[in-house]
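Colleague: Need the 3D shape of this:
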Amino acid sequence: MIHLIDSHAHLDDCKYEADREEMLDRARKAGVVQIINVGYDLASSARSISLAARYPFIFAAVGIHPHDAGEAPEDYLDRLREMSRRQGVVAIGEIGLDYYRDLSPRDVQQRVFREQLALARELGLPVIIHDRDAHGDIMDILRKDGIGPAGGVMHCFAGSWEMARECMAMGFYISFAGPVTYPNARRPKEVAARVDLSRLLVETDAPYLTPQPRRGKRNEPAYVRYVAEEIAALKGLSLEVLARATTENARRLFGLPEAF
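Modeller: Now for the predicted structure:
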(Lines give C-alpha, C1' and ligand atoms only; values in the text may rest on other atoms or scores of the structure.)
Protein backbone atom coordinates (compact mmCIF):
# COMPACT_ATOMS: atom_id res chain seq x y z
CA MET A 1 0.00 0.00 0.00
CA ILE A 2 1.34 3.42 -0.99
CA HIS A 3 1.03 6.00 1.81
CA LEU A 4 0.84 9.70 0.93
CA ILE A 5 0.27 12.99 2.74
CA ASP A 6 -1.67 15.75 1.01
CA SER A 7 0.26 18.72 2.36
CA HIS A 8 -2.21 21.39 1.22
CA ALA A 9 -6.00 21.20 0.83
CA HIS A 10 -9.13 23.25 1.54
CA LEU A 11 -11.63 20.59 2.55
CA ASP A 12 -13.82 23.08 4.44
CA ASP A 13 -14.84 24.47 1.03
CA CYS A 14 -18.56 24.46 0.26
CA LYS A 15 -17.88 22.27 -2.80
CA TYR A 16 -17.60 19.31 -0.39
CA GLU A 17 -20.80 19.93 1.56
CA ALA A 18 -22.75 17.22 -0.26
CA ASP A 19 -20.19 14.41 -0.05
CA ARG A 20 -17.39 15.26 2.39
CA GLU A 21 -17.49 11.85 4.12
CA GLU A 22 -17.40 9.98 0.81
CA MET A 23 -14.57 12.20 -0.45
CA LEU A 24 -12.51 11.50 2.69
CA ASP A 25 -13.23 7.79 2.40
CA ARG A 26 -11.92 7.83 -1.19
CA ALA A 27 -8.77 9.57 0.04
CA ARG A 28 -8.15 6.95 2.70
CA LYS A 29 -8.70 4.12 0.21
CA ALA A 30 -6.22 5.80 -2.15
CA GLY A 31 -3.54 5.68 0.55
CA VAL A 32 -3.75 9.28 1.81
CA VAL A 33 -2.98 8.89 5.50
CA GLN A 34 -2.88 12.56 6.56
CA ILE A 35 -4.03 15.92 5.18
CA ILE A 36 -3.09 19.50 6.03
CA ASN A 37 -6.19 21.69 5.75
CA VAL A 38 -5.08 25.26 5.18
CA GLY A 39 -6.87 28.45 6.20
CA TYR A 40 -6.96 31.62 4.13
CA ASP A 41 -8.83 33.97 6.50
CA LEU A 42 -10.06 33.84 10.09
CA ALA A 43 -13.28 32.01 9.24
CA SER A 44 -11.61 29.32 7.12
CA SER A 45 -8.88 28.94 9.74
CA ALA A 46 -11.58 28.25 12.36
CA ARG A 47 -13.20 25.72 10.02
CA SER A 48 -9.82 24.03 9.54
CA ILE A 49 -9.48 23.67 13.29
CA SER A 50 -12.97 22.15 13.46
CA LEU A 51 -12.07 19.61 10.77
CA ALA A 52 -8.87 18.71 12.65
CA ALA A 53 -10.91 18.17 15.83
CA ARG A 54 -13.36 15.93 13.99
CA TYR A 55 -10.92 13.80 11.98
CA PRO A 56 -7.69 12.53 13.56
CA PHE A 57 -5.93 12.35 10.16
CA ILE A 58 -6.58 16.04 9.32
CA PHE A 59 -4.37 18.83 10.68
CA ALA A 60 -4.89 22.58 10.41
CA ALA A 61 -2.96 25.64 9.31
CA VAL A 62 -4.21 29.11 10.23
CA GLY A 63 -3.46 32.34 8.40
CA ILE A 64 -4.51 35.23 6.18
CA HIS A 65 -4.11 34.77 2.40
CA PRO A 66 -2.91 37.81 0.43
CA HIS A 67 -6.34 38.03 -1.25
CA ASP A 68 -7.85 38.63 2.20
CA ALA A 69 -5.10 40.83 3.64
CA GLY A 70 -7.07 44.01 2.98
CA GLU A 71 -9.99 42.72 5.05
CA ALA A 72 -7.96 41.49 8.02
CA PRO A 73 -9.29 43.04 11.26
CA GLU A 74 -6.97 44.98 13.53
CA ASP A 75 -6.81 42.14 16.04
CA TYR A 76 -6.15 39.41 13.48
CA LEU A 77 -2.69 38.54 14.86
CA ASP A 78 -4.08 38.06 18.37
CA ARG A 79 -6.82 35.84 16.99
CA LEU A 80 -4.36 33.76 14.95
CA ARG A 81 -2.13 33.48 18.01
CA GLU A 82 -5.06 32.10 20.01
CA MET A 83 -6.04 29.73 17.18
CA SER A 84 -2.49 28.41 16.94
CA ARG A 85 -2.80 27.01 20.47
CA ARG A 86 -5.69 24.76 19.47
CA GLN A 87 -5.13 21.05 19.08
CA GLY A 88 -4.22 19.97 15.57
CA VAL A 89 -2.76 23.31 14.40
CA VAL A 90 0.63 22.67 12.81
CA ALA A 91 1.48 25.76 10.71
CA ILE A 92 0.81 29.40 9.86
CA GLY A 93 -0.63 29.62 6.37
CA GLU A 94 -1.36 30.20 3.78
CA ILE A 95 0.40 33.54 3.73
CA GLY A 96 2.34 35.44 1.09
CA LEU A 97 1.80 37.66 -1.95
CA ASP A 98 -0.48 37.44 -5.00
CA TYR A 99 0.17 39.99 -7.73
CA TYR A 100 -1.87 38.09 -10.31
CA ARG A 101 -5.29 39.06 -8.98
CA ASP A 102 -4.21 41.97 -6.75
CA LEU A 103 -7.33 41.61 -4.61
CA SER A 104 -5.59 43.49 -1.79
CA PRO A 105 -3.23 46.48 -2.16
CA ARG A 106 0.34 45.31 -2.54
CA ASP A 107 1.65 47.31 0.40
CA VAL A 108 -1.05 45.76 2.61
CA GLN A 109 -0.22 42.27 1.32
CA GLN A 110 3.43 42.83 2.19
CA ARG A 111 2.67 44.16 5.68
CA VAL A 112 0.33 41.30 6.56
CA PHE A 113 2.79 38.77 5.13
CA ARG A 114 5.65 40.12 7.23
CA GLU A 115 3.50 40.29 10.36
CA GLN A 116 2.54 36.64 9.96
CA LEU A 117 6.13 35.61 9.33
CA ALA A 118 6.99 37.27 12.64
CA LEU A 119 4.09 35.47 14.34
CA ALA A 120 5.32 32.10 13.04
CA ARG A 121 8.82 32.84 14.33
CA GLU A 122 7.35 33.80 17.71
CA LEU A 123 5.28 30.61 17.91
CA GLY A 124 7.92 28.29 16.49
CA LEU A 125 5.63 27.11 13.70
CA PRO A 126 6.43 26.46 10.04
CA VAL A 127 4.93 28.69 7.35
CA ILE A 128 3.01 27.82 4.19
CA ILE A 129 3.84 30.37 1.49
CA HIS A 130 1.55 31.43 -1.37
CA ASP A 131 3.43 33.13 -4.21
CA ARG A 132 1.76 34.09 -7.47
CA ASP A 133 3.52 36.46 -9.86
CA ALA A 134 5.39 37.96 -6.89
CA HIS A 135 8.67 36.05 -6.88
CA GLY A 136 10.91 39.10 -6.48
CA ASP A 137 9.11 40.64 -3.51
CA ILE A 138 8.56 37.25 -1.86
CA MET A 139 12.28 36.53 -1.96
CA ASP A 140 13.25 40.04 -0.84
CA ILE A 141 11.00 39.73 2.22
CA LEU A 142 12.20 36.22 3.04
CA ARG A 143 15.83 37.31 2.76
CA LYS A 144 15.23 40.23 5.12
CA ASP A 145 12.83 38.63 7.60
CA GLY A 146 13.64 34.91 7.60
CA ILE A 147 11.41 32.06 8.69
CA GLY A 148 12.95 30.70 11.88
CA PRO A 149 14.14 27.17 12.63
CA ALA A 150 10.68 25.60 12.10
CA GLY A 151 11.08 26.17 8.35
CA GLY A 152 8.26 26.19 5.85
CA VAL A 153 6.98 25.15 2.45
CA MET A 154 6.66 26.95 -0.86
CA HIS A 155 3.15 25.86 -1.79
CA CYS A 156 2.36 24.93 -5.42
CA PHE A 157 5.79 26.08 -6.51
CA ALA A 158 5.94 27.90 -9.84
CA GLY A 159 9.31 29.63 -9.68
CA SER A 160 12.65 28.91 -11.30
CA TRP A 161 15.24 26.33 -10.30
CA GLU A 162 17.45 29.16 -8.99
CA MET A 163 14.61 30.35 -6.75
CA ALA A 164 13.91 26.80 -5.54
CA ARG A 165 17.57 26.29 -4.69
CA GLU A 166 17.67 29.51 -2.65
CA CYS A 167 14.43 28.61 -0.88
CA MET A 168 15.79 25.20 0.08
CA ALA A 169 18.92 26.87 1.45
CA MET A 170 16.64 29.02 3.64
CA GLY A 171 15.00 25.91 5.09
CA PHE A 172 11.99 25.54 2.81
CA TYR A 173 10.45 22.44 1.35
CA ILE A 174 9.21 22.71 -2.25
CA SER A 175 5.69 21.43 -2.92
CA PHE A 176 4.04 20.60 -6.22
CA ALA A 177 0.35 20.24 -7.05
CA GLY A 178 -1.74 19.34 -10.11
CA PRO A 179 -0.05 21.78 -12.53
CA VAL A 180 3.10 19.65 -12.58
CA THR A 181 1.02 17.02 -14.40
CA TYR A 182 -0.09 19.36 -17.21
CA PRO A 183 1.52 18.60 -20.58
CA ASN A 184 2.72 22.19 -21.13
CA ALA A 185 4.08 22.72 -17.60
CA ARG A 186 7.70 22.75 -18.71
CA ARG A 187 9.25 24.73 -15.86
CA PRO A 188 7.46 22.95 -12.97
CA LYS A 189 8.49 19.62 -14.45
CA GLU A 190 12.11 20.72 -14.79
CA VAL A 191 12.23 22.03 -11.22
CA ALA A 192 10.47 18.99 -9.75
CA ALA A 193 13.01 16.74 -11.45
CA ARG A 194 15.86 18.63 -9.78
CA VAL A 195 14.54 19.28 -6.26
CA ASP A 196 16.31 17.11 -3.72
CA LEU A 197 14.10 14.24 -2.57
CA SER A 198 14.66 15.30 1.06
CA ARG A 199 13.03 18.69 0.34
CA LEU A 200 10.01 17.62 -1.70
CA LEU A 201 6.30 17.64 -0.80
CA VAL A 202 3.15 16.80 -2.77
CA GLU A 203 -0.26 18.41 -2.48
CA THR A 204 -3.60 18.90 -4.23
CA ASP A 205 -4.75 22.42 -3.23
CA ALA A 206 -8.18 20.77 -3.48
CA PRO A 207 -10.76 21.68 -4.66
CA TYR A 208 -8.52 23.63 -7.09
CA LEU A 209 -5.76 22.64 -9.57
CA THR A 210 -7.04 19.19 -10.49
CA PRO A 211 -4.34 16.93 -11.99
CA GLN A 212 -4.40 16.19 -15.71
CA PRO A 213 -6.09 12.75 -15.54
CA ARG A 214 -9.10 14.35 -13.78
CA ARG A 215 -8.84 17.86 -15.19
CA GLY A 216 -12.19 19.62 -15.47
CA LYS A 217 -13.50 17.91 -12.32
CA ARG A 218 -13.39 19.03 -8.70
CA ASN A 219 -10.07 18.16 -7.10
CA GLU A 220 -9.82 16.05 -3.94
CA PRO A 221 -7.03 14.52 -1.81
CA ALA A 222 -7.26 11.08 -3.44
CA TYR A 223 -5.83 12.71 -6.57
CA VAL A 224 -2.53 13.57 -4.88
CA ARG A 225 -1.40 10.19 -6.17
CA TYR A 226 -1.37 11.60 -9.72
CA VAL A 227 1.04 14.32 -8.58
CA ALA A 228 3.27 11.78 -6.88
CA GLU A 229 3.25 9.51 -9.93
CA GLU A 230 4.25 12.36 -12.23
CA ILE A 231 7.14 13.49 -10.04
CA ALA A 232 8.34 9.92 -9.53
CA ALA A 233 8.46 9.51 -13.31
CA LEU A 234 10.29 12.82 -13.75
CA LYS A 235 12.91 11.77 -11.20
CA GLY A 236 13.22 8.20 -12.46
CA LEU A 237 12.04 6.77 -9.13
CA SER A 238 9.44 4.24 -8.13
CA LEU A 239 6.20 5.60 -6.69
CA GLU A 240 7.00 3.74 -3.46
CA VAL A 241 10.29 5.61 -2.99
CA LEU A 242 8.73 9.00 -3.84
CA ALA A 243 5.77 8.41 -1.53
CA ARG A 244 7.95 7.30 1.38
CA ALA A 245 10.19 10.36 1.07
CA THR A 246 7.42 12.95 0.74
CA THR A 247 5.50 11.39 3.63
CA GLU A 248 8.55 11.51 5.87
CA ASN A 249 9.22 15.10 4.78
CA ALA A 250 5.68 16.24 5.60
CA ARG A 251 5.83 14.55 9.00
CA ARG A 252 9.15 16.21 9.75
CA LEU A 253 8.03 19.70 8.69
CA PHE A 254 4.64 19.68 10.41
CA GLY A 255 5.51 17.49 13.38
CA LEU A 256 2.87 14.91 12.49
CA PRO A 257 2.46 11.59 14.30
CA GLU A 258 2.81 8.31 12.47
CA ALA A 259 -0.55 7.21 11.12
CA PHE A 260 0.09 3.58 10.11
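
Colleague: Helices along the stretch 151-260 of the chain, start to end?
Modeller: Applying DSSP state H, counting those that start in this stretch to the stretch 151-260 of the chain gives helices spanning 161-170, 186-194, 224-235, 239-254.

Colleague: Same list as before, these that is, but in TSV and with mean pLDDT included.
Modeller: Compiled in TSV, these are given as follows (pLDDT from 0 to 100):
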stretch	mean pLDDT
helix 161-170	98
helix 186-194	98
helix 224-235	98
helix 239-254	98
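
Colleague: so which of those helices comes closest to Leu123?
Modeller: Using CB to CB as the measure, helix 239-254 is the one of the helices of the stretch 151-260 of the chain that comes nearest Leu123, at 13.5 Å. For glycine as for every other residue, the C-beta is placed from the backbone atoms N, C-alpha and C.

Colleague: ok so, going back, okay, the helices of the stretch 151-260 of the chain, which one's buried deepest?
Modeller: helix 224-235 (a mean of 22; mean count of other CB atoms under 10 Å).

Colleague: ok, and what's touching the helix or strand harbouring Met23?
Modeller: For Met23, the host element (DSSP states H and E) is helix 20-29. Contacts with helix 20-29, where a contact means CB atoms under 8 Å, 6 or more residues apart in numbering, come from 6, 11, 16, 35, 55, 57, 220-222.

Colleague: list the buried ones in it?
Modeller: Applying a neighbour-count criterion of 16 or more other CB atoms under 10 Å, one finds 20, 23-24, 27 buried in helix 20-29.

Colleague: Could you do stretch 138-155 as well?
Modeller: For stretch 138-155, by 16+ other CB under 10 Å, it's 138-139, 141-142, 147-148, 150-155.

Colleague: And the furthest pair within the residues you listed?
Modeller: Met139 and Ala150, at 19.2 Å, using CB to CB across these.

Colleague: and which of the buried residues of stretch 138-155 is nearest Gln110?
Modeller: Once CB to CB is applied, the member of the buried residues of stretch 138-155 that ends up nearest Gln110 is Ile141, at 6.6 Å.

Colleague: now, which of the buried residues of stretch 138-155 lie within strands?
Modeller: The strands, defined by DSSP state E, take in 152-154 from the buried residues of stretch 138-155.

Colleague: Can you tell me which of these is nearest Arg101?
Modeller: Met154 (18.8 Å).

Colleague: quick one, longest strand in this protein?
Modeller: strand 89-98.

Colleague: helices and strands around that one, which ones?
Modeller: Judged by 3 or more CB pairs under 8 Å, 6 or more residues apart in numbering; DSSP states H and E, strand 89-98 is in contact with strand 32-38, strand 58-62, helix 76-84, helix 106-123, strand 127-132, helix 135-145.
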